[in-house]
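Asker: The following comprises the amino acid sequence and a computationally predicted model.
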Amino acid sequence: MVLITKTLKITNPAGTHNMGVGLNSAINLNIEGPAGYYCGSMNKNANITVNGSGGQGVGSNIMSGTIRIKGNVGSSCGATGHGGTIIIEGDAGSRCGIAMKGVNIVVKGSVGHMSGFMGQAGTMVIGGDAGDALADSCYEMTVFVRGSVKSLGTDAEEKEKTPESTAKLEALLAEAGFDFKSRRI
């Protein structure tokens, strides 16, 4: 566990791109308004909260820490993420989690087509529906979907939950603060 020593706040960002990119410190960054492209990319150790929506590439190549978006995000959220957790309180666009390498992504709403494409490791939790080609060409990632899946991609297989996968799902939902116990996920 990383000890947080400082809190920074950005007000009225008006969709500015590249906020919180490359943070390598144990800080809280609170962004009060919508964030543009690549917010929180290459994050290491910081906890970033956006009180609004995020643009394309939120959390790309995240290494550790947490990013919480209190709205929707554009395409390619969490692309190539190696670690940490990204929590989306709305919907995520296409290619959410593309080429995941260990990041955990929890989306309260739905995700667009080709989400999880070429996912190598990590876990994606989808509280809504998933578009076409979910987890296409994936390797060892895990995806939980509460809603419907338009189609699975090549190499994706539907499997029964195990006690271990259920524990992982419950831990991620608790971290995100989402209560999905009312419906099967």
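Answerer: Cool, the structure landed.
Asker: Go ahead and flag the most central residue of the chain.
Answerer: Central residue of the chain (C-alpha atoms, centre = their mean): Ile105, 3.0 Å from the mean position.
Asker: Surely that one touches Met124?
Answerer: Yes - using C-beta atoms under 8 Å as the test, Ile105 is close enough to Met124 to be in contact (4.7 Å). C-betas here are computed from N, CA, C, even on glycine.
Asker: Next, show the common contact partners of these two.
Answerer: Cys96, Gly97 (C-beta atoms under 8 Å, 6 or more residues apart in numbering).
Asker: on that earlier part again, what lies in contact with the host helix or strand of the residue nearest to the centre of the chain?
Answerer: Using DSSP states H and E, Ile105 falls within strand 101-107. When contacts are defined by C-beta under 8 Å, 6+ apart, strand 101-107 is touched by residues 59, 62, 77-78, 80-88, 91-92, 96-97, 120-128, 172-173, 175-176, 178.
Asker: Send over that strand as CSV, restricted to the C-alpha atoms.
Answerer: Only the C-alpha atoms of strand 101-107 are listed here, as CSV (Å, rounded to 0.1, in the frame of the first residue of the first chain):
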residue,chain,number,x,y,z
LYS,A,101,-1.4,-6.3,-19.6
GLY,A,102,-2.5,-6.6,-16.0
VAL,A,103,-4.8,-3.5,-15.3
ASN,A,104,-8.2,-4.0,-13.7
ILE,A,105,-11.0,-2.0,-15.3
VAL,A,106,-14.4,-1.8,-13.7
VAL,A,107,-17.2,-0.1,-15.8
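Asker: what pLDDT, on average, does the helix or strand that it is followed by get?
Answerer: Moving toward the C-terminus from strand 101-107, the next helix or strand (DSSP H and E) is strand 121-126. For strand 121-126, mean pLDDT rounds to 97.
Asker: Mind giving me the packing neighbours of whichever helix or strand comes after strand 121-126?
Answerer: Proceeding N to C from strand 121-126, the next assigned helix or strand is strand 142-145, under DSSP H and E. When contacts are defined as 3 or more C-beta pairs under 8 Å, 6 or more residues apart in numbering; DSSP states H and E, strand 142-145 packs onto strand 121-126, helix 163-176.
Asker: Neighbouring strands - and their directions - for strand 142-145?
Answerer: According to DSSP bridges, strand 142-145 forms sheet pairs with strand 121-126 (parallel).
Asker: Next up, phi/psi of Val149, please.
Answerer: With angles defined as degrees, to the nearest 10, Val149 sits at phi -120, psi 120.
Asker: Touching, it and Ala130? I think so.
Answerer: Yes - between Val149 and Ala130 there is a contact at 4.6 Å, judged by C-beta under 8 Å.
Asker: These two - which one has more neighbours?
Answerer: Neighbour count, other C-beta atoms under 10 Å: between Val149 and Ala130, Ala130 has more, with 28 against 18.
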